[in-house]
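Trainee: Have a look; sequence and predicted model below, questions after that.
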Amino acid sequence: MSKIVASAAIRGAKALVTEAEKLINKAIGEKGKEQKVEFPETAFFLPMANALLAAEIRTLTDMLPVLKEAKSLLHDEPTRELWLPYLGDALDSGIAALLAEEMICAIRYLYGEEPQPDCNGFFTDTILRTLGIQLVDGRMPGFAAILGAAPDNKTAVDIVREFQKRSIMTFVGSSANGKSIIDQLKEEKVEMGWDTYIVPYGRDTVTGIYPLNWAIRGALTFGGIKPGRAKECLLYCKERVFAFGLVLGQLDDIKYATGAGAINMGFPIIADTDIPEIRPTGICTYEHLVKEFNYKKIVQKCIEVRGVKVKIAEIPIPVAYSAAFEGERVRRENMHVQFGGKFSSAFEYVCSKPLDEVEDGKIEIVGPEIDDMKDGGAYPLGILVEVAGRKMQHDFEPILERQVHTFLNEAMGIFHMGQRNMCWIRISKEAQKKGFKIKHFGTIIHARLHDTYGKIVDKAQITIFTTQEDVERVMKEAVKVYEERDARLAGMTDESVDTFYSCTLCQSFAPNHVCMVKPERIGLCGAYSWLDAKACYELNPAGPNQPVKKGEALDSVRGEWKGVNDFLYNKSNKTLSRFHGYSIMSFPETSCGCFECIIAVLPEANGFMVVNREYSGMTPAGMKFSTLAGSVGGGNQTPGFMGVGRLYLVSKKFIAADGGLKRLVWMPKELKNSLSDKLKKRCEEEGTPDLFDKIADETVAVESEQLLKFLQDRSHPALSMPALV
Ligand code: SF4
Ligand code: ZN
């Protein structure tokens, strides 16, 4: 390692630790030792300190031992005379820098100074979980953290666009010469946020800790590594988290120190300035510190240095295409034309045909093309996708149809919402200028169907209608089929099938977890219905979704079958032997970590509450979602607590063995509203139409006493049911 780099990192770490100490003392002086400090919505305290030192920082006092540890990692700068190996010292400084930065940011939170304007600040556990899934399934190949500012705005935009194209999540922040890349992108009106894969963390280098203490939580969550096992956590990051830092503009001591911290985690640093390079010594997978002056090559360089595996779908359309564009919106003022929504009739419909009736790759547009449409106008649109394949089944049609949303959305400048005859599509002015045609919808759908569903789709042809009468005519047929499908799904019960489907996708981080997906119980992440799991099995017979023959019913009230138990025993590494599919009190199904909601018993109310991931407030269980999630997850069976998918709440089998819906006493308002039609219907079916209004939410109660009063005032049925515990 270069002496210049080591000296700078050591100086930077000293400055950071001194700053942290100053702030801690000041805060203790002003707010007292017992003052609580925390980052929002995390079960990992100050995650870097938690992962590396097993520290559980709850108060300012708790910071003192961590500060002491950071100090012990500081060393003297290498002297001119003494030429000792100083790589170790520089790396130690890096760890000291990260611990100090984390405490500085936590104290800023205490004083309301974080997050900075337009910045995300600390990344919550929720984000960790949702993006974690994308990491597990490979949709996201890696992460970039950019520090500084590009020489000009255009270069800044070009760089992030190159990352976007490759679906690489990019965290932007810090500054160089008084300018931050965040503001460069803002000036160029680049849309930033989790949906567009460009997330601003903060305008100084200290906030660079946010992507890093997010990555280290990956080791604790997905890697299942115990807090305090520093080496394993760092190694996990190196091997599993494909991240790197890109420093634009001059480096200072603080950047060197933070960079040394990142290098400890196996994340190399690429810079656009003349820095002394550090080539392999075995900490990062490849190089540690590398320079690249050519902005056209810099993104490629980052990818090579970190060994990120990128899969770009090559689709012959004139706009960029990648998952990073999925969340991008097309605002009215940027829109060239739109279809559907409340502006015109539009639909999309996938149906299967015999093999000889489909001509693969045929894309036909019936009616005017985009060139004949006026800027700013709304036009009718019908997308008919006809597929054929030896393994194709009618059951797969809705699954393929749902994908049209993702397929189209991933094109830059195309916005898609909804489905069926409730879809809404916009094409941006920019896309139109680049030559995007309506026909290209067909190009995309055809390419992606083959790419993603090649196992069931042998042929696909797409016909796109753009006249009012054609759209109305074909839509009538489509609506008939939509209705038939709904009726079929609604009629399907757990009793009507002899086979359930397992999902063990989450065993990658919760090794004993098994989801038992049934017609009336969706997988707890909400992503796998019984039909989805069945289709996935057909697509990938050796994959994580396996058919499970129910076998002999051992207890039909609690939902226990011999076939399910046998399967569970095998697939849970012989740690679990019984599932009660309809109970939360006895042998509940396991919870991995991606549950949409958590159900928790409230003994005092003789019922259950449910809280969804998006709700960050307090619950009557005395815990927030994040805290509950910490105790429920990991693939364990925890009677009284269980992770579930949203739709399970309105299933007839919802904790049926424990009394069902009548036991539900509290849920967040947003969740209640989003399910209201279905919930009301279920209340009626249960013979208690007024139950809906008896279920409390956070606007009437967030603690037990208020809740009980609310329930008593309305004589909630749970109060008069047999005692739960
Ligand atoms: Fe994970 Fe269960 Fe969802 Fe499968 S269904 S991805 S195991 S949560
Ligand atoms: Zn999961």
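Mentor: Nice, thanks for sending it over. Ligands and ions are numbered 1, 2, ... in the order given.
Trainee: Pull up the per-residue confidence for residue 213.
Mentor: Residue 213 is assigned a predicted lDDT (pLDDT) of 96.
Trainee: Point out where the protein drops to low pLDDT.
Mentor: Within the chain, the ranges that satisfy pLDDT under 70 run 1, 79-86, 132-139, 280-286, 309-313, 489, 508.
Trainee: Ligand 1 contacts on that one?
Mentor: 503, 504, 505, 506, 515, 523, 524, 525, 527, 528, 592, 594 (CB under 6 Å from any ligand atom). Every residue, glycine included, has its C-beta placed from N, CA and C.
Trainee: Try it again at 8 Å.
Mentor: Residues of the chain lying close to ligand 1 by CB under 8 Å from any ligand atom are 133, 503-507, 513-515, 517, 522-528, 533, 544-545, 592, 594-595, 643.
Trainee: what's in contact with stretch 260-269?
Mentor: Applying CB atoms under 8 Å, 6 or more residues apart in numbering, the contact partners of stretch 260-269 are 5, 9, 12-13, 90-91, 93-95, 97-98, 101, 145, 212, 215-216, 234-235, 237-239, 241, 243-247, 259, 283-290, 305-306.
Trainee: Stretch 718-725 now?
Mentor: Stretch 718-725 is touched from outside by 585, 601, 603, 605-607, 640, 658-659, 662-665, 711-712, with contacts defined as CB under 8 Å, 6+ apart.
Trainee: And stretch 50-59, by the same measure?
Mentor: 33-38, 44-46, 49, 62-63, 65-66, 69, 95, 99, 103, 106, 213, 216-217, 219-220, 225-228, 230, 233-234.
Trainee: Filter the contacts of stretch 718-725 down to the ones in strands?
Mentor: In strands, judged by DSSP state E, the following of those are found: 601, 607, 664, 665.
Trainee: and which of those residues is nearest to residue 499?
Mentor: Lowest distance from residue 499 to the ones in strands among the contacts of stretch 718-725 (CB to CB) belongs to residue 664, with 29.6 Å.
Trainee: Could you check how far the closest one is from residue 379?
Mentor: To residue 379, residue 664 is 45 Å away according to CB to CB, to the nearest Å.
Trainee: So these two - more neighbours on which side?
Mentor: Counted by other CB atoms under 10 Å, residue 664 and residue 379 do not tie: residue 664 has more neighbours, with 28 against 23.
Trainee: Okay, and the beta partners of that one?
Mentor: Beta-bridge partners for residue 664, by DSSP bridges, are residue 608.
Trainee: Please tell me I have it right and it contacts residue 610.
Mentor: Yes - using CB atoms under 8 Å, residue 664 makes contact with residue 610 at a distance of 6.6 Å.
Trainee: Mutual contacts of these two, please.
Mentor: Joint contacts of residue 664 and residue 610 (CB under 8 Å, 6+ apart) are residue 649.
Trainee: Report the distance from the helix or strand that residue 684 is a member of to the chain centre.
Mentor: In this structure, residue 684 sits in helix 676-685 according to DSSP states H and E. Between the centre of helix 676-685 and the centre of its chain there are 30 Å (CA atoms, centre = their mean, to the nearest Å).
Trainee: Give me the packing partners of that helix, helices and strands only.
Mentor: Applying 3 or more CB pairs under 8 Å, 6 or more residues apart in numbering; DSSP states H and E, one finds that helix 676-685 makes contact with helix 691-694.
Trainee: The helix it packs on: which residues count as buried?
Mentor: Applying a neighbour-count criterion of 16 or more other CB atoms under 10 Å, the buried positions in helix 691-694 are 691, 692, 694.
Trainee: I'd like to know how far residue 99 sits from ligand 2.
Mentor: Counting by CB to the ion, to the nearest Å, the separation of residue 99 from ligand 2 is 31 Å.
Trainee: Please disregard the earlier target; I meant residue 335.
Mentor: Residue 335 sits 37 Å away from ligand 2, going by CB to the ion.
Trainee: Bridge partners for that residue, pull those for me.
Mentor: Going by DSSP bridges, residue 335 forms beta bridges with residue 428.
Trainee: For residue 434, give me its contacts.
Mentor: Counted by CB under 8 Å, 6+ apart, residue 434 has contacts 318, 319, 413.
Trainee: Same check on residue 376?
Mentor: Contacts of residue 376 by CB under 8 Å, 6+ apart are 335, 336, 337.
Trainee: swap in residue 400?
Mentor: By CB under 8 Å, 6+ apart, the contact list for residue 400 reads 350, 385, 387, 449, 453, 457.
Trainee: what sits against the residue nearest to the spatial centre of the chain?
Mentor: By CA atoms, centre = their mean, the chain has its centre lying nearest to residue 130, at 2.1 Å. Counting by CB under 8 Å, 6+ apart, residue 130 touches residue 594.
Trainee: Would you mind measuring from residue 199 to ligand 2?
Mentor: Distance, residue 199 to ligand 2, using CB to the ion: 23 Å.
Trainee: can I assume that residue sits in a strand?
Mentor: Yes - Residue 199 forms part of a strand when assessed by DSSP: H, G, I helix; E, B strand; the rest coil.
Trainee: Quickly list what it is bridged to.
Mentor: Beta-bridge partners, per DSSP bridges, of residue 199: residue 171.
Trainee: neighbours around it, how many?
Mentor: Using other CB under 10 Å, residue 199 has 23 neighbouring residues.
Trainee: List the contacts of it.
Mentor: By CB under 8 Å, 6+ apart, the neighbours of residue 199 are 120, 123, 169, 170, 171, 172, 192, 193.
Trainee: and the gap between the fourth one and ligand 2?
Mentor: Okay, so that is residue 170. Residue 170 sits at a distance of 26 Å from ligand 2 (criterion: CB to the ion).
Trainee: and that residue, what does it touch?
Mentor: Listed by CB under 8 Å, 6+ apart, the contact set of residue 170 reads 143, 144, 145, 146, 160, 163, 164, 197, 198, 199.
Trainee: repeat that with 7 Å
Mentor: Each residue near residue 170 by CB atoms under 7 Å, 6 or more residues apart in numbering is listed here: 144, 146, 160, 163, 197, 198.
Trainee: For those residues, which single residue is the most surrounded?
Mentor: Neighbour counts for these (other CB under 10 Å) peak at residue 146, which has 31 neighbours.
Trainee: Please report phi then psi for that residue.
Mentor: When read as degrees, to the nearest 10, the backbone of residue 146 gives phi -100, psi 130.
Trainee: so which of the residues of the chain next to ligand 1 also contact ligand 2?
Mentor: Among the residues of the chain next to ligand 1, the residues that sit close to ligand 2 (CB under 5 Å from the ion) are 506, 592, 594.
Trainee: So which bits of the chain are right by ligand 2?
Mentor: 506, 592, 594.
Trainee: got the contact list for the residue nearest to the first one when sequence neighbours are not counted?
Mentor: Which is residue 506. Closest residue in space to residue 506, ignoring its immediate chain neighbours: residue 592 at 3.8 Å, by CB to CB, 6 or more residues apart in numbering. Taking CB under 7 Å, 6+ apart, we find residue 592 in contact with 506, 510, 513, 633, 635.
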